[in-house]
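J.: What follows is a predicted structure for the sequence shown.
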Amino acid sequence: MTANQGFKYSILASGSSGNVTYIETPERKILVDAGLSGKKIEGLMNEIGRSLCDVDTLLVTHEHKDHVAGLGVLARKYNMALYANQETWQAIGESCGKIDSAQKNTFEMGKLLTFGDIDIESFGVSHDAAAPQFYKFMKDGKSFVMLTDTGYVSDRMRGTIENADAYLMESNHDVEILRMGNYPWRLKQRILSDHGHLSNEDGASTALSVIGRQTSKIFLGHRSQENNLKELAHLTMENTLMQHDVDIKNDIQVLDTSHVEASPLYQI
């Protein structure tokens with residue numbers, strides 16, 4: 001991979017039970033979130049032929065367990081530089097065990113930081129966490145956007161993430177499966193609220209509103225194992241795109257993610 005070839009990425013895990021994404025450039029090796037045990041994350045990295053020993057940076061989106069379960073273990077074992085906004089650090093507190101303060105760095109919401117040869121922009125989302133934010137990765141005119149854990153998508157968010165080469169787009173639940181399921185009513189209300197998660201339909205309409213000429217891949221992320229079906233999420237996205245004359249065979253590929261199996265290491 002030469003300097004003008006963009007970067008590589010893999011969605012190591014995406015789902016209600018745990019979330020981890022890997023970004024690689026010639027100069028930097030980055031994880032976003034550590035929502036599984038250290039051992040499981042090590043195994044997922046091995047699946048794509050990479051090692052946690054080489055990861056230098058870990059970005060945190062928010063303090064929920066499915067995004068930080070392995071944060072403390074990875075910090076202590078691999079001495080990574082950790083980044084989150086100040087409110088998220090306060091919300092994490094001691095829940096991940098003792099982390100050396102020298103490893104903790106601040107990445108405030110709405111900021112653009114440069115990490116070696118890649119630029120990363122943070123943007124706020126609407127979720128029931130202290131100050132949840134996700135990230136847009138940019139290098140050599142190429143970009144990859146992560147957008148999950150939000151109850152709705154504002155015009156400002158759309159403006160930040162439009163026309164990326166690839167998206168990890170939330171398709172958390174099917175509304176009818178959720179409503180008819182066994183979750184307590186209060187939890188159902190939380191998921192369906194503006195501070196919850198995007199449904200299959202919400203994720204598809206968001207994708208439709210932000211894709212552009214550069215867009216070639218949409219990954220369906222943070223799918224609930226209890227309130228969704230992989231086939232249903234996939235069909236909803238593809239049908240929405242096709243109904244608006246998007247060529248899903250030649251122009252934009254819709255791809256599933258897994259909570260237990262890493263995606264291939266893609267070049268962008």
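T.: Received it, and whenever you're ready, just let me know what you need.
J.: CA only for contacts and neighbour counts going forward, please
T.: Noted.
J.: C-terminal to the helix or strand containing residue 136, what's the next element?
T.: Element membership for residue 136 (DSSP states H and E) is strand 133-139. The helix or strand immediately downstream of strand 133-139 is strand 142-147, counting by DSSP H and E.
J.: between that next one and strand 133-139, how big is the angle?
T.: Angle, strand 142-147 to strand 133-139, by axes from the mean of the first three to the mean of the last three CA atoms, to 10 degrees: 170 degrees.
J.: residues in contact with strand 142-147?
T.: The contact list for strand 142-147, computed with CA atoms under 8 Å, 6 or more residues apart in numbering, reads 6, 134-138, 161, 164-170, 268.
J.: and if we set it to 6 Å?
T.: Strand 142-147 is touched from outside by 6, 135, 136, 137, 164, 165, 166, 167, 168, 169, with contacts defined as CA atoms under 6 Å, 6 or more residues apart in numbering.
J.: Please give the number of neighbouring residues around the third one.
T.: The burial count assigned to residue 136 is 19, neighbours taken as other CA atoms under 10 Å.
J.: Can you tell me the strand partners of the strand holding residue 136 and which way each runs?
T.: strand 118-124 (antiparallel), strand 142-147 (antiparallel) (DSSP bridges).
J.: just the helices in the stretch 101-250 of the chain please.
T.: Secondary structure of the stretch 101-250 of the chain (DSSP state H, counting those that start in this stretch): helices at 155-161, 175-180, 185-192, 200-210, 230-243.
J.: Span of stretch 32-51 from start to end?
T.: 15 Å (CA to CA, to the nearest Å).
J.: in it, what counts as buried?
T.: 32-38, 40-45, 47, 50 (16 or more other CA atoms under 10 Å).
J.: chain center to it, what's the gap?
T.: Relative to its chain's centre, stretch 32-51 lies at 15 Å (CA atoms, centre = their mean, to the nearest Å).
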